[in-house]
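Enquirer: one predicted model, sequence on top.
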Amino acid sequence: MKIKGVLKIGILVFAILACISGAYAQKGTVYLQNYDQKMLGSNALNNALIYTNNNRILVANTKGATQYNGDRWSTIPAKSTLYTLYDDSTVVYVGGRSDFGYLKLQATGRYQYASLAKSSEELPKELGNFTFIGQAQEHIYFLSEKALVQVKRKNQKITQVWKATANQTFQALITFRNVILVNIQGAGLHRVQGKSLKPFGQASPFKDITINASFAVDGAPWVTTSDNKVYMFDGERWQKVVCKDQKYLDEHTLTDGVALGKDRVALGTLNGGVLIIHWKSGETLHIINHETGLPDDEVLGLSVDPRDGLWILHAQGITQALLELPINKYSEYPGLIGSPTSAVYWQKKLYVATTEGLFQLKKTNSFADLVTPIRSRQPGGLQVQSTGGTVVGNLINDVFGKRKRATRVFKRPKGNGKKGLRKKLEDFNKRRTNRRKRNRRQRKRKNVLERQDYALLSFPHYYQKVSNFSLKVNQLVPAANALLIATNQGLYTLKANTVKPVFEGGAAYKILRSPKNKSLVYVGTSQGVKSLTYKNGNWVADINFDKLQAPVYSLVFVGNELWLGSDNRVFKVQVDAAGHYKMHKEYGMSRYYLEEVQVVNLKGKPTLFLSNGIYSLDAKKQQFVLNTQLKISQPSYQLIQRQAKYTWSNIGQDWQNLQDSSRVGYVSLFDQVNDIYEDEAKNLWVVHQNGLHKIAPRQKKDSIPFEVLLTQVYNHKRESLSLDRIRLYQGSKAYSIHFVLGTSDYVDEQATRYRYRLKGVTNGWSNWKNDAQIDFTFLPSGRHTLEVQAKNALGQLSKTKVIGFRVVPPFWKRWWFYLLEIFVLGGLIAASAVSNRFNKYKRYSSLLTFVTIITIFEYIVLSIEPTVDNFSGGVPVFKLLMNIILAMSLNPLERRFSAWLSRQSFTNDEGEKEG
């Protein structure tokens, strides 16, 4: 009975471990988004990053700072290397090399740096490097080795300075609940009390160690230290945080840390990437290093955005780890050879097909499991070190590289006499040789142990090739308790970890399971279609389908009819109740070039997808005609038919299932999708150009709305305009206005599309485009309303943003100038009429009349000249003709006006005589 009880417990434990293993196998690696130095536009090393309240990214680096709006990176001029950033809603405080200050967002949308290094006489002459910034209720604190500086948050004025004494070095700053702590090297933690620093606590654990970083987790202060430990303050004392993989931190030098919500903490290392732990249990949730997609293992800084996205700064640029996305990568595990073509999660196992065969994902139990998979990742194979050593040691050295070895210089022993010199030299050489051998063994042992842990933690799973099967696989389909494998040389089946041929010769393109018979499948091949039924452990073919001799690239059932897509034609096959062949009919397509026809069941009707459009069946004409209602938004669209109820396509730019019009936004994150498979748990397995990802069903909606932002407006002179009050002043010649947009979402933001409409000017909404800049030239003067929308890579649509602006005409086109012209012209006419009454002023009257008429004519010319230019296309002959006509009419009008003035003068004179 005891044995049975033990067996039951053992079986239960094994089942639990198997379940855990199966669940973990679906975990994969974190989805990463890399920004290399080319994208950043700079080769400067980045030291700190923050996501501001204005939805912008700010980066401190060795050349100053840069800002990012989701479309372009731009430099912020600063005169020193910057180390740290702190966002305080209205301004961003900055610490740097012998400098500190703040960045303030200007009305133009650009940040401007203001230094505080010379704003107070209390500052020491040598400022040191400001590497820590903390906040209290009313103040911001900057810390360097030489000083602690208090700055008032309200006006950015220095209010107090604590200077380090000659034998002191300020090492770190910790702030929480209005408590300001400074770690003094060799003296430990001290608290700011008034104008002095008092020891904090009875015994400081940081007296002889260095604090690398300080951060808050759920309101409590945490620090990472030079002894590769993490400490938290519980309100009374500092406690070490338990980390199950502490050994990994010890061997890769812990540097930085940051909180990810309330339960997770990200820890950066000097040469091992990032560990993400659940701090309450100490378990490692994710590892992000070079082997899991991080470009560089040397972490320079960590930061978190409002969506708990982790930003990793390293020597090769910046990487964003999108932890909250339900996406994980599965192609980073070693052992996978070739480009993935298809994937299936079958019988609680993941199978991946590539151009080099079939592979199964397995759990890593020991480092020996990884030897062969890691070797397969190396294109040149494994080379044996001349120094010898174990296979594992040599493999580790080849794959992960050796540590740099310090060069030691051994001096020869001194001696004046020749007697015994040879013996001394021989003894010295012998000791040196033994010492070198011993050091070599110690270095090798340490290198192997270190890199084994690195590999085991990086690769909890690996791929193993199935049955040495090495053909190029086109598709994997589970059917009749077996896994069917369509290859370029025939159809094969996997059962009981053994691959056997079903038929060979000719390529097998597509496999379609019968909707009525689970034991029946149809296979499209280069020689036609094959109907296979699973009977008594074998696949039996229906020879009647041999009557159809043509390559078949796509298959679909529409009702009880089987439709097949071939070269420039389709076939309709009628089958009986058992799915057997009865007869077929051919539909030809008139094409100028050979094209593989893709036939789809769209709303119960056969529909053809070709490069020039979508074709539907005309029942009366019994031929396929171009469907003008279904349009393709992009010419190079993709179409994937994997399972009967799914037809995936991006014909409308966004990926969707054409069967029910449901959209799958996350698929749009990948380029050149080859295969999409949905498993029983509703997970989507996406095979694409860069690997294999699993998209889990979305559990929660994003609480932060996706917004489109206006980041900059400038004119034709590239002068930035105020975003609060946008005014464009018309010039005498060319003028234009340019709007630069951005987004609050940094998930594949380069794929974000925009559209706009300008009320009263454009005819409805513009087409969606990736360009984040909107340009207008020669807009009419007056007030305008611009409406913009954005659609991110996930297909989410932002709310409409309304931007009001005004085009201000030149002063000679404003109402007050028109009024002034009327007064001037009226005054000239009045002066001419009055002077005409007096004989001695009559000659002035003629002159004033002539000036008035010329002024009116010139005003008319200036007014109609733009209209004439637009009508004539700028041809100078029309402008010359207009001037000639106006000039010819000038003299007659002047004479008529003078005659009228003379009559008025004569009438007035006669009236005076009669009086």
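Expert: Received it, and whenever you're ready, just let me know what you need. Residues are numbered from 1 along each chain as shown.

Enquirer: so which bits of stretch 98-115 are buried?
Expert: Buried residues in stretch 98-115, counted by 16 or more other C-beta atoms under 10 Å: 99, 100, 101, 102, 103, 105, 108, 109, 110, 111, 113. Every residue, glycine included, has its C-beta placed from N, CA and C.

Enquirer: send me it as CSV with only the CA atoms.
Expert: Extracted C-alpha coordinates of stretch 98-115, given in CSV (Å, rounded to 0.1, in the frame of the first residue of the first chain):
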residue,chain,number,x,y,z
SER,A,98,29.9,69.3,-14.0
ASP,A,99,26.4,70.6,-14.9
PHE,A,100,22.8,70.4,-13.9
GLY,A,101,19.6,72.1,-14.8
TYR,A,102,16.3,71.5,-16.5
LEU,A,103,14.5,71.0,-19.9
LYS,A,104,11.4,73.1,-20.5
LEU,A,105,8.9,72.5,-23.2
GLN,A,106,8.5,75.6,-25.4
ALA,A,107,5.4,76.8,-27.1
THR,A,108,6.9,75.5,-30.4
GLY,A,109,6.9,71.9,-29.1
ARG,A,110,10.7,71.8,-28.6
TYR,A,111,12.5,71.4,-25.3
GLN,A,112,15.1,73.9,-24.3
TYR,A,113,17.9,73.4,-21.8
ALA,A,114,18.6,75.8,-19.0
SER,A,115,21.6,75.3,-16.8
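
Enquirer: I'd assumed residue 190 was in contact with residue 184.
Expert: Yes: taking C-beta atoms under 8 Å as the definition, residue 184 is a contact partner of residue 190 at 5.6 Å.

Enquirer: common neighbours of the two, please.
Expert: Both residue 184 and residue 190 are in contact with residue 197, where contact means C-beta atoms under 8 Å, 6 or more residues apart in numbering.

Enquirer: ends of stretch 268-282, what's the gap?
Expert: The straight-line separation of the ends of stretch 268-282 (C-alpha to C-alpha, to the nearest Å) is 16 Å.

Enquirer: where along the stretch 301-450 of the chain do the strands fall?
Expert: 310-314, 317-321, 327-329, 340-346, 349-354, 357-363 (DSSP state E, counting those that start in this stretch).

Enquirer: check the stretch 101-250 of the chain too.
Expert: 111-115, 132-135, 139-143, 147-152, 158-163, 170-176, 179-184, 188-193, 196-199, 211-217, 220-225, 230-233, 238-240.

Enquirer: how about these, which one is nearest residue 683?
Expert: Shortest distance between residue 683 and the strands of the stretch 101-250 of the chain, using C-beta to C-beta, is found for strand 211-217: 31.5 Å.

Enquirer: surely residue 502 meets residue 493?
Expert: Yes: between residue 502 and residue 493 there is a contact at 5.5 Å, judged by C-beta under 8 Å.

Enquirer: low-confidence ranges in the stretch 1-150 of the chain?
Expert: For the stretch 1-150 of the chain, the stretches with pLDDT under 70 are 1-26.

Enquirer: same thing but 90
Expert: 1-28, 38, 41-43, 54-55, 69-72, 78-79, 89-90, 137 (pLDDT under 90).

Enquirer: hmm, back to that, overlap of the contact sets of residue 502 and residue 493?
Expert: Common neighbours of residue 502 and residue 493 (C-beta under 8 Å, 6+ apart) are 484, 539.

Enquirer: and the closest residue to residue 106 other than its chain neighbours, how far from residue 41?
Expert: Excluding the flanking residues, the one nearest residue 106 by C-beta to C-beta, 6 or more residues apart in numbering is residue 112, at 5.4 Å. Look at residue 112 and residue 41: by C-beta to C-beta, to the nearest Å, they are 19 Å apart.

Enquirer: and for residue 793?
Expert: Using C-beta to C-beta, residue 793 is found at 22 Å from residue 41.

Enquirer: likewise residue 174?
Expert: Using C-beta to C-beta, residue 174 is found at 35 Å from residue 41.

Enquirer: over to residue 102?
Expert: According to C-beta to C-beta, residue 102 and residue 41 sit 24 Å apart.

Enquirer: so residue 53 sits in a helix?
Expert: No: counting by DSSP: H, G, I helix; E, B strand; the rest coil, residue 53 is located in no helix; its state is coil.

Enquirer: what about it, neighbour count?
Expert: For residue 53, the number of neighbouring residues by other C-beta atoms under 10 Å comes to 13.

Enquirer: just give the nearest non-adjacent residue to it, would you?
Expert: residue 89 (5.1 Å).

Enquirer: with distance to residue 654 added, can I get the strands of the stretch 101-250 of the chain in a markdown table?
Expert: As requested, those are arranged in a markdown table below (distance: least, C-beta to C-beta, whole Å):
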| stretch | distance to residue 654 |
| --- | --- |
| strand 111-115 | 34 |
| strand 132-135 | 42 |
| strand 139-143 | 45 |
| strand 147-152 | 48 |
| strand 158-163 | 53 |
| strand 170-176 | 46 |
| strand 179-184 | 51 |
| strand 188-193 | 55 |
| strand 196-199 | 59 |
| strand 211-217 | 38 |
| strand 220-225 | 42 |
| strand 230-233 | 43 |
| strand 238-240 | 49 |
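
Enquirer: closest one to residue 305 among those?
Expert: Among the strands of the stretch 101-250 of the chain, strand 211-217 sits nearest to residue 305 (C-beta to C-beta), with 14.8 Å.

Enquirer: wait, the residue nearest to residue 53 touches residue 50, no?
Expert: No: Residue 89 is beyond contact range of residue 50, at 11.9 Å (criterion: C-beta under 8 Å).

Enquirer: what sits against the residue most central in space within the chain?
Expert: For the chain, the residue sitting closest to the mean C-alpha position, by C-alpha atoms, centre = their mean, is residue 748 at 3.2 Å. Contact analysis of residue 748 by C-beta under 8 Å, 6+ apart lists 33, 668, 669, 792, 793.
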